[in-house]
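1. pasting the sequence and the predicted coordinates here, then a few questions.
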Amino acid sequence: MSFLIGSAGQVALSIFVAIIALMVMILVHESGHYLLGKALKFKINEFSIGFGPKLFSKKSEKTGEVFSIRAVPLGGFCAFEGEDADSAVEGSFNSQKPWKRIVVLLAGVTFNFISAVLILTVLFATYGYTLPKIVDLNVPTDSAFVQNFEEGDLIYQVDGKNVYSVIETNISTLLSGAGETAEVVVIRNGEKVSVTVQKGEFESKTVDKDGNETDSKYHGFGINIGYAYYRMDLFEALGRSFIFIWQLVILTFKTIGGLFTGAVGLKGSVGGTVTSVAAMGKITMTLGFRGVLLMFGIMSASVALMNALPFPALDGCRVIFVLIEMIFRKPVNRKVEAIIHTVGIVILFAFAILCDILNLGTIARLF
């Protein structure tokens with residue numbers, strides 16, 4: 001019973017941390033809108049974390065701005081005066097020059113992107129970046145074969161191509177695509193070492209679920225791969241953070257494209273807010289504080305990316321409406337734009353709820 005209580009407590013704590021991470025990333029995003037809006041003299045009516053009924057609210061006597069925390073932690077907003085309708089009030093959103101509006105609209109995405117870069121840089125420089133590790137060497141059939149890999153090597157580069165993670169570690173692709181010989185950079189005893197490796201015939205043993213061993217032979221480099229962390233210096237970690245985020249972008253667009261082509265299904269592949277929080281909570285349980293940093297980095301990058309998409313109600317779509325106004329010297333009817341954004345947010349909420357319902361089994365299996 002104590003184990004169950006402890007386990008349940010750990011699950012609850014990990015989910016709580018994930019929700020806090022989501023709210024912090026939303027706070028960072030909305031702070032971008034707020035701070036740039038203040039700097040460019042926009043009138044702000046309310047700054048809120050969450051949607052729905054207010055749990056906490058305080059109004060500034062000096063500026064009249066309302067700061068709120070609301071019941072549903074699925075987002076937030078920085079409400080500008082006259083954002084969805086023309087207003088005669090000084091500093092109203094649509095009375096500002098288009099370039100100012102674009103700067104303010106993109107500020108949230110920018111703040112999230114910067115925070116993701118900083119968090120991931122700290123993660124890779126302190127805890128390390130995931131790289132494939134050679135955990136075992138197979139026995140060559142030719143006793144004269146020279147194996148230049150060593151157990152414990154971290155594979156950093158193959159034939160001039162860096163090994164990355166996120167979408168895939170791509171080590172299998174790189175090694176299988178290499179010729180009979182390959183130039184490989186490995187991390188050995190903390191140092192980068194360049195070695196020339198070659199393929200050969202190797203013996204391999206496989207063990208089935210009943211413990212029966214089967215001997216086989218194959219042509220390859222004769223290594224078995226696991227994964228380990230490699231601590232990078234500050235500048236290398238900074239560069240790798242940009243690549244990590246770019247891979248998340250690629251993965252996101254592949255997933256979106258797959259939804260339209262049918263290659264990706266909603267069940268098991270795309271999750272709503274609850275699924276995402278559960279997955280991030282699992283990462284925290286598994287990896288500890290390393291997982292917390294990873295979770296914050298992924299969430300911040302994801303919030304930036306999703307808000308940059310040109311979908312109604314998101315910042316990317318609002319920027320498009322401002323660009324249309326700049327090009328045609330006339331805004332889209334404000335009421336029409338407001339309706340489009342309202343429909344968009346309803347669709348987004350409905351989609352997130354549908355994904356969570358379809359993935360209830362996945363959420364349960366996470367814990």
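-> The structure has been received and is ready for your questions. Numbering: from 1, shown residues only.
2. surely Tyr127 touches Leu293?
-> Yes. Counting by Cβ atoms under 8 Å, a contact exists between Tyr127 and Leu293, whose distance comes to 6.9 Å. Bear in mind the C-beta positions are built from the backbone N, C-alpha and C, glycine included.
3. quick one: which of those two has more around it?
-> Counted by other Cβ atoms under 10 Å, Tyr127 and Leu293 do not tie: Leu293 has more neighbours, with 20 against 17.
4. now do the SS call for that one.
-> Local secondary structure at Leu293 is given as helix here, using DSSP: H, G, I helix; E, B strand; the rest coil.
5. name the nearest residue to it, sequence neighbours excluded.
-> Leaving out its chain neighbours, the residue that sits closest to Leu293 by Cβ to Cβ, 6 or more residues apart in numbering is Leu123, at 4.3 Å.
6. can you give me the strands for the stretch 1-150 of the chain?
-> Assignment of strands within the stretch 1-150 of the chain using DSSP state E, counting those that start in this stretch yields the ranges 44-59, 66-80, 129-137, 139-140.
7. now the third one: average pLDDT?
-> This means strand 129-137. Average pLDDT, strand 129-137: 89.
8. coming back round to it: separation between the residue nearest to Leu293 and Val17?
-> Leu123 sits 16 Å away from Val17, taking Cβ to Cβ, to the nearest Å as the criterion.
9. more neighbours, the two?
-> Leu123 (25 against 21).
10. who are the neighbours in contact with the more buried one?
-> For Leu123, the residues meeting the contact criterion (Cβ atoms under 8 Å, 6 or more residues apart in numbering) are 237, 290, 293-294, 297.
11. let's see that with 7 Å instead.
-> Neighbouring residues of Leu123 by Cβ atoms under 7 Å, 6 or more residues apart in numbering: 293-294, 297.
12. in a markdown table, list those residues along with distance to His219 and pLDDT.
-> What follows is the contacts of Leu123, written out as a markdown table (distance: Cβ to Cβ, whole Å; pLDDT from 0 to 100):
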| residue | distance to His219 | pLDDT |
| --- | --- | --- |
| Leu293 | 41 | 87 |
| Leu294 | 37 | 85 |
| Gly297 | 39 | 89 |
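13. how about these in TSV, adding distance to Ser60?
-> As requested, these are exported to TSV (distance: Cβ to Cβ, whole Å):
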residue	distance to Ser60
Leu293	34
Leu294	36
Gly297	33
